[in-house]
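Colleague: Build me a model from this:
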Amino acid sequence: MSGHNAAADLVNAGFDILDGGNASAIASPAIQGGVVALETTGAETRTLSNPERAGLVITLCLQTDGGDCVVTAASAINQTGNTVMTLADAGDEITLKSIRSGSSFVYRVVSNDGVALS
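Modeller: The predicted structure follows:
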C-alpha cells in the first residue's frame with residue numbers, strides 16, 4: 001500500500017472476516033473492523049477473544065440459518081455482564097466496538113437486531 005494511495009486502498013479493501021465454521025475462533029479485525037457472515041448447518045458455536053486495541057468494530061450476522069449460532073465472548077459485552085450471543089435467524093446481527101476497560105480491551109454492543117444475549 002503506497003502512502004499516496006492509502007485512502008483509496010482502504011475504501012477498496014474488503015472488510016470480510018472469514019467464518020471458520022463450527023467450534024472456531026472468530027478473528028479480531030486487523031485494521032479498523034469487519035463483518036463475519038456466519039453460516040450454520042446445525043446448532044453451532046464460535047468464540048470471540050478480546051480485542052488487542054480500542055476502536056475496532058466487528059459485526060456478526062447470520063447469513064445462512066441451518067441452526068442457531070452461539071458466540072461466546074471472552075469478556076462481558078455490556079454492563080449487564082452478558083458474554084453469550086445467540087443468532088437464531090438469518091439476518092440477525094450484532095455490532096461490537098472495542099474499548100479500553102481498566103487495563104484491558106473489551107468489546108461493547110453498539111447495535112443489536114435479533115441477537116439474544118445471556
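
Colleague: quick one: residue 34 and residue 26 touch, right?
Modeller: No: Residue 34 is not in contact with residue 26 according to CB atoms under 8 Å; the separation is 9.7 Å. Quick note: C-beta positions are derived from backbone N, CA and C, even for glycine.

Colleague: Overlap of the contact sets of those two?
Modeller: Listed as contacting both residue 34 and residue 26 by CB atoms under 8 Å, 6 or more residues apart in numbering are 17, 58.

Colleague: Look at the residue lying closest to residue 92 once chain neighbours are set aside and report its pLDDT.
Modeller: The shortest distance from residue 92 to any residue other than its chain neighbours is 3.7 Å, reached at residue 114 (CB to CB, 6 or more residues apart in numbering). Model confidence at residue 114, given as pLDDT, is 98.

Colleague: wait, doesn't residue 114 sit right on residue 90?
Modeller: No: with contact defined as CB under 8 Å, residue 114 does not reach residue 90; the gap is 9.6 Å.

Colleague: Mind listing the shared neighbours of the two?
Modeller: Counting by CB under 8 Å, 6+ apart, no residue touches both residue 114 and residue 90.

Colleague: can you pull out the helices in the protein?
Modeller: With DSSP state H as the criterion, the chain has helices at 6-12.

Colleague: Show me the shaky parts of it.
Modeller: 1-14 (pLDDT under 70).

Colleague: ok, residue 61 touching residue 37?
Modeller: Yes: using CB under 8 Å, residue 61 is in contact with residue 37, at 5.9 Å.

Colleague: Among those two, which residue is more densely surrounded?
Modeller: Taking other CB atoms under 10 Å, residue 61 and residue 37 do not tie; residue 61 has more neighbours (19 against 15).

Colleague: how near is the more buried one to residue 39?
Modeller: As judged by CB to CB, to the nearest Å, residue 61 and residue 39 stand 10 Å apart.

Colleague: before we move on, what about residue 21?
Modeller: In terms of CB to CB, residue 21 sits 8 Å off from residue 39.

Colleague: Look at residue 58 and say how many residues are nearby.
Modeller: Residue 58 has 23 nearby residues by other CB under 10 Å.
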